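Peer 1: sequence first, then the predicted structure:
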Amino acid sequence: MTTTDGECGMIRAGRRDVVQNSADLAEAMGFASIKTFRNKKPFDAEGFPAPISPPEAKTKLWDGEQIAAHLAGAPVPALPDVDDDEDLLERTEAAAFLSVSPKTWDSYKKDRRIAPHLEKAGGVEHCPRGALRAYRETPAASEAPVHRPKGSGDMVPRDQLHARIGELLDVDPALTLAKLTGELGIANSTATRALPRVRGERIADLCADEEDLSPEEAAEQLGYPTAVRQAAIAYTRTALRGRQLRPYVQGVVDELVAEGLAEPQDVEMVHVAGDAVAAAVPLASDAPVPALVWDERWGWRTASNRRHPIGREARTPPEGGGIRRLGCGLQPPARQVIDGIHDDNAPSTARTA
């Protein structure tokens, strides 16, 4: 393969419209449901075209022209093998291109030099190679003074904060709050919340890569000082718990997709209220409600805001504004969640006198 940057498996330039995900394949192959498709795993059969997404991708994608040829018993055409700035790279590929972890990419992609270029293919977010190359080769303008003026707000946009902290940790694992506030011009309260969280996420990433590694061992391997490990590892345990809970939430989302209530999407587990995890699920434009939220403390609920479904972090169940609980318990079956979406008579969470 002739490539300049070494990636394998991506959406080559001009092939976005032929991308297929699991739901597309299930329909094309005549499976009754995506669940049956995944249980049967026809994609593991010898001779089946390989996914165009990398092995570590959460959602697998295929080239539709290759699939069509395979199902017709015709020779499977080869894909282009020369890199192009219009190639589309998914999360792990984009992270590899920039030589950062996928978690760090989640922060980088919010940068104003990247965010406008992001697009979805097969329900999965991708970034053009050209945008990544420009980001890598063009340093950002200085955004933070050495000293933060008294009474001013944080000098680094919130959506870029974790990426900037990650860059500083790459240089100095023993980064202190004083140095962080001085370098980025952020408030001490902001730094106190963000620094242990970023350390915790990085510990979780290392634990995921090396399954036999404990959080304590990972913290030591990353060079984090003993005094800061306890706070960071608290976030690590939350992150690892989120990864364990994700398959349940993703399974419900897949059923929502099969019912036409949502577009295919990768579930992202986020930290809320310190030590809990939750996930936001935007629904299709014609769905009865804009979005759903799953919170490990309270289970499923509707949300009235598609852009910010989770809302402000809280330690009590959100109430009012059309919010209502879905299903029984913290992990109800997908059918209960779906039925609850359509049930306009379901009780709201608003308090009654």
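Peer 2: That came through, no problem. Residues are numbered from 1 along each chain as shown.
Peer 1: what about the helices in the stretch 101-250 of the chain?
Peer 2: All helices of the stretch 101-250 of the chain, identified by DSSP state H, counting those that start in this stretch, fall at 102-108, 129-137, 161-171, 177-184, 188-209, 215-221, 226-258.
Peer 1: from the chain's centre, how far out does the first one sit?
Peer 2: Think helix 102-108. 9 Å (Cα atoms, centre = their mean, to the nearest Å).
Peer 1: output the contacting helices and strands for that helix.
Peer 2: helix 91-97, helix 161-171, helix 188-209 (3 or more Cβ pairs under 8 Å, 6 or more residues apart in numbering; DSSP states H and E). Where you see a C-beta, it was placed from the backbone N, CA and C, and this is true even at glycine.
Peer 1: right, so of those, which gets closest to Leu118?
Peer 2: helix 91-97 (9.4 Å; Cβ to Cβ).
Peer 1: so what touches that closest one?
Peer 2: 5, 7, 9-10, 54, 56-57, 89, 101-102, 104-106, 109, 124-127, 129, 132, 136, 266 (Cβ atoms under 8 Å, 6 or more residues apart in numbering).
Peer 1: any idea which helix or strand carries the most centrally placed residue in the chain?
Peer 2: The residue lying closest to the centre of the chain (Cα atoms, centre = their mean) is Glu268, at 4.1 Å. Using DSSP states H and E, Glu268 sits within no helix or strand.
Peer 1: what sits against it?
Peer 2: Glu268 touches 106, 279-280, counting by Cβ under 8 Å, 6+ apart.
Peer 1: with neighbour count, pLDDT and distance to Gly251 added, can I get those residues in CSV?
Peer 2: Below are those laid out as CSV (neighbours: other Cβ atoms under 10 Å; pLDDT from 0 to 100; distance: Cβ to Cβ, whole Å):
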residue, neighbour count, pLDDT, distance to Gly251
Asp106, 18, 82, 22
Ala279, 25, 93, 12
Ala280, 21, 92, 16
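Peer 1: distance to Thr238 added to the residues you listed, as a markdown table?
Peer 2: Below are the contacts of Glu268 laid out as a markdown table (distance: Cβ to Cβ, whole Å):
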| residue | distance to Thr238 |
| --- | --- |
| Asp106 | 16 |
| Ala279 | 13 |
| Ala280 | 17 |
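Peer 1: from those residues, which single one is nearest Ala26?
Peer 2: Ala279 (23.2 Å).
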